[in-house]
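Novice: Sequence first, predicted model second:
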Amino acid sequence: MNAHDTARQQTDYAPLPLPTPDMDGDALFRLGLAYSSGLDGCPIDRVSAHMIFNLAAMKGSLDAKGYRRDLSQEMEHDEIAEAQRAARRWIDAGSSSLAA
């Protein structure tokens, strides 16, 4: 593989979807599913999935609460703590209007 191939490979990936302030609980839940299961080309990332399920639950998604609970069973305590800190940082940064 030459440098051109490597550069092309690095640009073949779409940017990862991120939660946005205008997303409702259902949209956040679907994004959490993508991160928890690798849907839509997302890499599986349990910490990000847990964080997004937290945000979805705060916006009223009952499904997100269940998935977050189930995902927690597969995670280490430090991963859960990291996900919770990330959700708080996202909220504190003013990125979220949690009024459902």
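Specialist: Here it is on my side, so go on. Numbering: from 1, shown residues only.
Novice: after the lowest-mean-pLDDT helix or strand in the chain, next one along is what?
Specialist: The weakest-scoring helix or strand in the chain, judged by mean pLDDT, DSSP states H and E, is helix 3-11 (a mean of 39). On the C-terminal side of helix 3-11, the nearest following helix or strand under DSSP states H and E is helix 25-37.
Novice: pLDDT averaged over that next one - what is it?
Specialist: In this model, helix 25-37 has a mean pLDDT of 95.
Novice: residues touching the closest residue to Leu39 other than its chain neighbours, list them.
Specialist: Computed as CB to CB, 6 or more residues apart in numbering, the closest residue to Leu39 that is not its neighbour in sequence is Leu33, at 5.9 Å. Where you see a C-beta, it was placed from the backbone N, CA and C, and this is true even at glycine. Contacts of Leu33 were listed using CB atoms under 8 Å, 6 or more residues apart in numbering, and they are Leu39, Ala49, Tyr67.
Novice: Adding neighbour count and secondary structure, write those residues out as TSV.
Specialist: Output for the contacts of Leu33, formatted as TSV (neighbours: other CB atoms under 10 Å; DSSP: H, G, I helix; E, B strand; the rest coil):
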residue	neighbour count	secondary structure
Leu39	12	helix
Ala49	24	helix
Tyr67	22	helix
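Novice: Any chance of JSON lines for these, columns distance to Ala83?
Specialist: Formatted as JSON lines, these follow (distance: CB to CB, whole Å):
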{"residue": "Leu39", "distance to Ala83": "18"}
{"residue": "Ala49", "distance to Ala83": "8"}
{"residue": "Tyr67", "distance to Ala83": "13"}
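Novice: nearest to Ala81, of the residues you listed?
Specialist: Ala49 (14.9 Å; CB to CB).
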